[in-house]
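Colleague: Here is my input, please return the structure:
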Amino acid sequence: MAKLRLGLEWFLNPDHVPLLVGLKQGWFADVNIDLELVEPSEHIDAIAQIQDGTLDIAITEPVHLVEDRSNGHPVIGWARFLHTNGGVMYFAGQGIERPKDMLGKRLQYPGAPSALGKAIAQTMIEADGGQFTDDAITSVDNGFFHTNALVENKADCATLVFYNFEVIEARLRGYDAQFFALKDWGIPDFCQLIFITTPELLQQRRQELQAFLKVFRRGIDFIHQQPEAAQAIYNQHTGAYADDAIGQAIYQATVPCFTYDFTMTTDYYDQLQTWMHNTGQISDRLSATAYWTNSLAL
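Modeller: The predicted structure is shown next:
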């Protein structure tokens, strides 16, 4: 049986239910895959762990794939499986009603003051008619605890937020959470989850990765066709409880985000890397075929 070590993009959560279903039902074992799920110590350290052999494949977002490849890392994406709505979250009544109101505000995002959060703010503010300068926002890094940053008055707004997670969480905690979506304010919609590996591993383990995708797609079917059984598998594996209202609401909001279309277009990646280049996040633009393939997902 072939060992396949998969690095999660974050802690174990509803994004990973098809994997848990496949493990519980024995479907990965049926195709001779011994799947190990690994929670990385850092959200974006997967590529280093793939390169040093700690992981074989990993989950990330398109924006990180483009950045890694632009920085010269040997990485390739080969399937997309989740598409949610991402953007900037803020609380009503706190002085923000439209993107240009972020001027002079504190913006929370992981890795602050890195370029990604500033690029999101700049693009949204300028699309709304505002003028962005280097000191237009104050960057705040409260990790991935976006809601806590706003609740504890550490920040006025937060980005790199997923609607199905943080907005749902904040509202169920009693806060009037509002949201600016990336796609509505001139930013390529990169809030999608994809699988990555190295080009070398892709060729060496091609048949295993194709079998992996078939099981994953079967897991999505199970979630939709047997929703109670799928949620029970998730609850059992993660220790979640039926009376955890926030956790259950996040689960229910995540299920519709799974997609059966695992492909992505070169036009999409061309737009994404052009935006990243224009906002100073990457120095070089490459052909999308250098870091994305649909050959396994079709």
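
Colleague: can you map out the strands along this protein?
Modeller: Secondary structure of the chain, counting by DSSP state E: strands at 2-7, 33-38, 57-60, 76-83, 86-91, 106-108, 138-140, 157-162, 177-181, 192-197.

Colleague: Please identify the most buried of those.
Modeller: Stretch with highest mean neighbour count among the strands of the chain: strand 157-162 (a mean of 27; mean count of other C-beta atoms under 10 Å). Using the backbone N, CA and C atoms, a C-beta is placed for each residue, glycine as well.

Colleague: coming back round to it: any chance of CSV for the strands of the chain, columns distance to A48 and mean pLDDT?
Modeller: What follows is the strands of the chain, written out as CSV (distance: least, C-beta to C-beta, whole Å; pLDDT from 0 to 100):
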stretch, distance to A48, mean pLDDT
strand 2-7, 10, 96
strand 33-38, 13, 97
strand 57-60, 10, 96
strand 76-83, 16, 98
strand 86-91, 24, 97
strand 106-108, 25, 98
strand 138-140, 24, 97
strand 157-162, 20, 96
strand 177-181, 31, 98
strand 192-197, 12, 97
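
Colleague: List just the one of the ones you listed that sits closest to G22.
Modeller: Closest to G22 of the strands of the chain is strand 33-38 (C-beta to C-beta; 7.3 Å).

Colleague: That closest one pairs with which strands, parallel or anti?
Modeller: strand 2-7 (parallel) (DSSP bridges).

Colleague: now this structure, which segments are flagged as low pLDDT?
Modeller: The model of the chain has pLDDT under 70 over residues 41-45, 242.

Colleague: all helices for it, in order.
Modeller: In the chain, the segments counted as helices under DSSP state H are 17-24, 27-30, 46-51, 62-70, 115-127, 146-151, 168-172, 199-204, 206-225, 227-238, 245-254, 266-278.
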